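Student: Sequence and predicted structure below; questions after.
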Amino acid sequence: GAGVSQSPRYKVAKRGQDVALRCDPISGHVSLFWYQQALGQGPEFLTYFQNEAQLDKSGLPSDRFFAERPEGSVSTLKIQRTQQEDSAVYLCASSPLHRGQGGYTFGSGTRLTVV
Amino acid sequence: QKEVEQNSGPLSVPEGAIASLNCTYSDRGSQSFFWYRQYSGKSPELIMFIYSNGDKEDGRFTAQLNKASQYVSLLIRDSQPSDSATYLCAVEGGTSYGKLTFGQGTILTVHP
């Protein structure tokens, strides 16, 4: 597609529910990144894929967070047993380069609200 | 100390003025520097990147980098109300190798 596509656009989850957020990067982009953005803050790094390999997951806040990109294109961020502090916008970004050196293109994000 | 810090703002300038946005970073190994603009409720969009010391100009925007002082700035000339947004500084390289580390953002308001 022309841009990075994320779905759903909005998600309301009850505390304790599992959620899955999808990211469809720009076709052919090698690198894919997930970020979490709380209200009034800058995006915080969660994890990074180069093709299907997860090269850095140092930003995942707990073992409730899991990301995958099994075929090197679409990625899914899964959050198990959601908590209120997980409420944020989850941004996906992709880059044609093997790292973020050239900057990257963000999707529209998924706004997760945990009630 | 945060890895990337921006002047807290909010910054308010009149239409037609120069807006100056500042950013400092703590990792001397940082190699690439970016400015993103984020409108309310939207995702960040890349407006400038700079790798070398000095100035880089693109239309009304000028990015300035001083690696010795670990300082990056963005100047917006002839500011327009449509420039009103949050501006995010980001760095890559060093401990942020392969990924961008963002500052908290500065809110800019350009009033007519």
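Tutor: Nice, I can see it.

Student: CA atoms only: put stretch A:86-102 into CSV for me.
Tutor: As requested, C-alpha coordinates have been extracted for stretch A:86-102 and formatted as CSV (Å, rounded to 0.1, in the frame of the first residue of the first chain):
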residue,chain,number,x,y,z
ASP,A,86,-1.4,0.1,28.9
SER,A,87,-3.7,2.8,27.7
ALA,A,88,-1.8,4.8,25.0
VAL,A,89,-1.5,5.2,21.3
TYR,A,90,0.5,2.4,19.7
LEU,A,91,2.4,3.5,16.6
CYS,A,92,3.9,1.3,14.0
ALA,A,93,6.6,2.6,11.6
SER,A,94,8.6,1.2,8.7
SER,A,95,11.8,2.0,6.9
PRO,A,96,13.3,0.8,3.7
LEU,A,97,16.7,0.7,5.4
HIS,A,98,18.2,-1.9,7.7
ARG,A,99,18.0,0.5,10.6
GLY,A,100,16.2,3.7,11.4
GLN,A,101,19.0,5.9,10.1
GLY,A,102,17.0,7.5,7.4
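
Student: Taking chain A, what residue is nearest to chain B?
Tutor: For chain A, the nearest residue to chain B under the criterion Cβ to the nearest Cβ is A:Gly42, separated by 3.6 Å. Placement of C-beta: from N, CA and C, glycine included.

Student: Around chain A, which positions in chain B sit nearby?
Tutor: Selection of chain B residues close to chain A by Cβ under 8 Å from any Cβ of the partner chain yields B:4, B:31-32, B:34, B:42-46, B:49, B:88, B:90, B:92-93, B:97-105.

Student: Would you mind checking these for buried ones?
Tutor: B:4, B:32, B:34, B:43-44, B:46, B:49, B:88, B:90, B:92-93, B:97-105 (16 or more other Cβ atoms under 10 Å in any protein chain shown).

Student: What about those residues, which are in strands?
Tutor: Helix and strand membership here follows DSSP state E; of these, those in strands are B:4, B:32, B:34, B:46, B:49, B:88, B:90, B:92-93, B:97-102.
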